[in-house]
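Asks: Structure of the sequence below:
(chains A and B)
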Amino acid sequence: GAVVSQHPSRVICKSGTSVKIECRSLDFQATTMFWYRQFPKQSLMLMATSNEGSKATYEQGVEKDKFLINHASLTLSTLTVTSAHPEDSSFYICSARPAGLSYNEQFFGPGTRLTVL
Amino acid sequence: EDQVTQSPEALRLQEGESSSLNCSYTVSGLRGLFWYRQDPGKGPEFLFTLYSAGEEKEKERLKATLTKKESFLHITAPKPEDSATYLCAVLGSSNTGKLIFGQGTTLQVKP
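Replies: Just a heads-up that it's a prediction; the model follows:
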């Protein structure tokens, strides 16, 4: 149980293009999903908190117009990196917290490796 | 400010050599302390949640314990497949669902 998928697992794009990453909770509903970024040999950096049916909450320093987040259903959140540049190359990981007051755990997806040329 | 510090940063063990990883934390109103395992190029895999001091949880060769200031992840007779980065995170009452992560401990178990 508590499986989270991400698609694509890897993406290579040219500078200036936009890339969409999907995050799905496969066997549970998630009112809250989280998007992280991870650089080599570093820990996870939270980018934003995504709540179903409402606007995402972005962490300080994260450009909301560059990293568009949509959480249209209880099982799907998307992250769109707009006008990507080489400095956006990173490992992006989503997590989902099961709906219900008793749940505090977050379950993570396998991650998406973005390379911007 | 909620904070998590993990030590050591890296740990090398021989197969069968038991050891412990430390996670020290300061948090306003602990709602949970979490241990995750992360393999290179993959997302973190959930291991344990601990809620209150004195609580212990076990899974195969891993045992997690919790005090009011720190948590330990004990690894008994590790195997090479236990090699990974182990992440500790806390959830406090001051953050809306946000986990505060430590920097992780990278464990290498040699055969």
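Asks: Please work out which residue of chain A is closest to chain B.
Replies: Distances between chain A and chain B by CB to the nearest CB are smallest at A:Phe108, namely 3.8 Å. Yep, even glycine has a C-beta here, placed from its N, CA and C like the rest.
Asks: Just list the residues touching that residue, thanks.
Replies: Going by CB atoms under 8 Å, 6 or more residues apart in numbering or on different chains, A:Phe108 touches A:4, A:93-95, B:36, B:43-46.
Asks: Pull out the buried residues from these.
Replies: A:4, A:93-95, B:36, B:43-44 (16 or more other CB atoms under 10 Å in any protein chain shown).
Asks: Mind pulling the model confidence for the residue in chain B that chain A sits nearest to?
Replies: Using CB to the nearest CB, the single residue of chain B nearest to chain A is B:Gly43, 3.8 Å away. Predicted confidence (pLDDT) for B:Gly43: 97.
Asks: Quick check: residues of chain B near chain A?
Replies: B:31-32, B:34, B:36, B:41-46, B:49, B:87, B:91, B:96-99, B:101-104 (CB under 8 Å from any CB of the partner chain).
Asks: Buried ones only from these, please, as a PyMOL command.
Replies: In PyMOL, this line selects whichever of the residues of chain B next to chain A come out buried by 16+ other CB under 10 Å:
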select buried, chain B and resi 31+32+34+36+42+43+44+49+87+91+97+98+99+101+102+103+104
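Asks: among the residues of chain B next to chain A, which are in strands?
Replies: B:31-32, B:34, B:36, B:45-46, B:49, B:87, B:91, B:101 (DSSP state E).
Asks: State the pair within the residues you listed that is farthest apart.
Replies: Spanning the widest gap among those are B:Arg31 and B:Glu45, at 20.9 Å by CB to CB.
Asks: Low-confidence bits of chain B, can you list those?
Replies: Judged by pLDDT under 70, chain B has its weakly predicted residues at B:95.
Asks: go again using 50 as the cut-off
Replies: By pLDDT under 50, chain B has no low-scoring segment.
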